[in-house]
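Student: dropping a prediction and its sequence here:
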Amino acid sequence: MKEQLWENILSVRHNSPLVHNITNYVVMNNTANALLAVGASPVMAHAHSEVRNMVAIAGALVVNIGTLDEYWVESMISAVDEAKTLHKPWILDPVGAGATTYRNEVLAKFISLKPAVIRGNASEIMALANHSLIQTKGVDSTHQSTEALAAAEILTQQLGSVICISGATDIIIDQQRKVFLHNGNPMMGKVTGLGCTASALIGAFTTIERTDYFDGTVAAMALLSVAGEIAAQYSAGPGSLQLNILDKLYNITAEEFFNLLKFEIKS
């Protein structure tokens with residue numbers, strides 16, 4: 001599987017897919033730079049008058065509700081509708097799921113539109129599935145990724161979506177497969193927006209295979225977690241880590257990737 005994941009990384013570098021992001025103010029710069037670093041092309045656009053046109057020329061759509069408001073929600077719904085009409089993958093990042101009534105109402109609408117991939121932390125995935133009576137702590141997870149596995153299984157069975165749970169262990173599942181990634185570094189949790197970056201990268205990797213988004217999601221998460229683990233070795237703190245992750249996304253070698261990647265495939 002390592003070889004296939006690396007082939008996906010090379011494919012993104014070679015094809016430079018355009019990824020349309022309707023994302024939050026906090027992470028626009030971070031996610032755009034990360035997409036550029038892996039070889040993709042980012043565009044951030046949310047005007048009602050152009051989102052459908054932008055979806056039409058993009059390879060994938062990423063919807064991130066971190067700083068949502070009513071105008072942006074209309075843009076997101078219009079963009080998702082166009083993506084579904086054109087059979088293009090769209091990725092949902094349910095930032096802060098469970099935090100407020102409005103956020104939950106918006107997410108209920110998006111869930112009904114069946115994203116190709118949902119990526120969130122454990123608390124967000126559990127809130128989406130109504131797995132238990134929980135609340136998120138802002139946009140940070142108060143649960144471990146393994147705690148959300150049952151919730152992710154509910155979501156993938158109901159929606160057919162690939163579900164990605166970010167955490168110390170990243171878990172990617174669909175209706176038949178489960179992969180557990182054991183890379184990364186705890187300091188990555190001190191860099192704002194790395195989860196949002198992961199969602200944006202997944203968007204780029206879903207353009208590789210139009211009928212199966214599982215391997216692309218695994219490849220995106222594997223690349224980011226390995227890059228973060230390498231970058232942490234020579235970072236003095238979160239500030240330099242953020243810059244070093246961008247550099248490593250750009251210049252990571254096959255040898256580095258193969259030597260560090262740790263994963264399990266489970267039934």
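Tutor: Cool, the structure landed.
Student: can I get stretch 230-242 in CSV? Just the C-alpha atoms.
Tutor: What follows is stretch 230-242, C-alpha atoms only, in CSV (Å, rounded to 0.1, in the frame of the first residue of the first chain):
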residue,chain,number,x,y,z
ILE,A,230,9.8,15.0,10.1
ALA,A,231,9.4,18.8,10.5
ALA,A,232,8.9,18.5,14.3
GLN,A,233,12.4,17.1,14.6
TYR,A,234,14.0,20.4,13.7
SER,A,235,11.3,22.9,14.9
ALA,A,236,11.8,25.0,18.0
GLY,A,237,8.1,25.5,18.5
PRO,A,238,4.7,25.8,16.7
GLY,A,239,5.7,28.8,14.7
SER,A,240,8.7,27.2,13.0
LEU,A,241,6.8,23.9,12.8
GLN,A,242,4.2,25.5,10.6
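Student: quick one: buried residues of it?
Tutor: For stretch 230-242, the neighbour count (16 or more other Cβ atoms under 10 Å) marks 230-232, 235, 241-242 as buried. C-betas here are computed from N, CA, C, even on glycine.
Student: same question for stretch 193-207.
Tutor: Buried residues in stretch 193-207, counted by 16+ other Cβ under 10 Å: 193-207.
Student: also stretch 177-191?
Tutor: 177-181, 183-185, 187-189, 191.
Student: which other residues reach that stretch?
Tutor: 140, 168-173, 194, 214, 218, 221-222, 225-226, 228-229, 231-232, 235, 237-238, 241-242, 245, 260-267 (Cβ atoms under 8 Å, 6 or more residues apart in numbering).
Student: and those residues, which are buried?
Tutor: 168-173, 194, 214, 218, 221-222, 225-226, 228-229, 231-232, 235, 241-242, 245, 261, 263.
Student: taking those one by one, which sit in helices?
Tutor: In helices, defined here by DSSP state H, the members of these are 194, 214, 218, 221-222, 225-226, 228-229, 231-232, 241-242, 245.
Student: could you measure from the closest residue to residue 171 other than its chain neighbours over to residue 208?
Tutor: Of all residues not flanking residue 171 in the chain, residue 165 sits nearest, at 4.4 Å (Cβ to Cβ, 6 or more residues apart in numbering). Between residue 165 and residue 208 the computed distance is 21 Å (Cβ to Cβ, to the nearest Å).
Student: okay, these two: which has more neighbours?
Tutor: residue 165 (30 against 22; other Cβ atoms under 10 Å).
Student: low-confidence stretches in the chain?
Tutor: For the chain, the stretches with pLDDT under 70 are 131-145.
Student: in it, which spans are helices?
Tutor: So, for the chain - with DSSP H - the helices run 2-15, 28-38, 51-57, 70-85, 101-112, 122-128, 149-159, 194-205, 214-232, 238-251, 254-260.
Student: export these to JSON lines and tack on distance to residue 45?
Tutor: Formatted as JSON lines, these follow (distance: least, Cβ to Cβ, whole Å):
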{"stretch": "helix 2-15", "distance to residue 45": "21"}
{"stretch": "helix 28-38", "distance to residue 45": "11"}
{"stretch": "helix 51-57", "distance to residue 45": "5"}
{"stretch": "helix 70-85", "distance to residue 45": "8"}
{"stretch": "helix 101-112", "distance to residue 45": "18"}
{"stretch": "helix 122-128", "distance to residue 45": "25"}
{"stretch": "helix 149-159", "distance to residue 45": "26"}
{"stretch": "helix 194-205", "distance to residue 45": "14"}
{"stretch": "helix 214-232", "distance to residue 45": "22"}
{"stretch": "helix 238-251", "distance to residue 45": "22"}
{"stretch": "helix 254-260", "distance to residue 45": "32"}
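Student: this completes my enquiry, with thanks.
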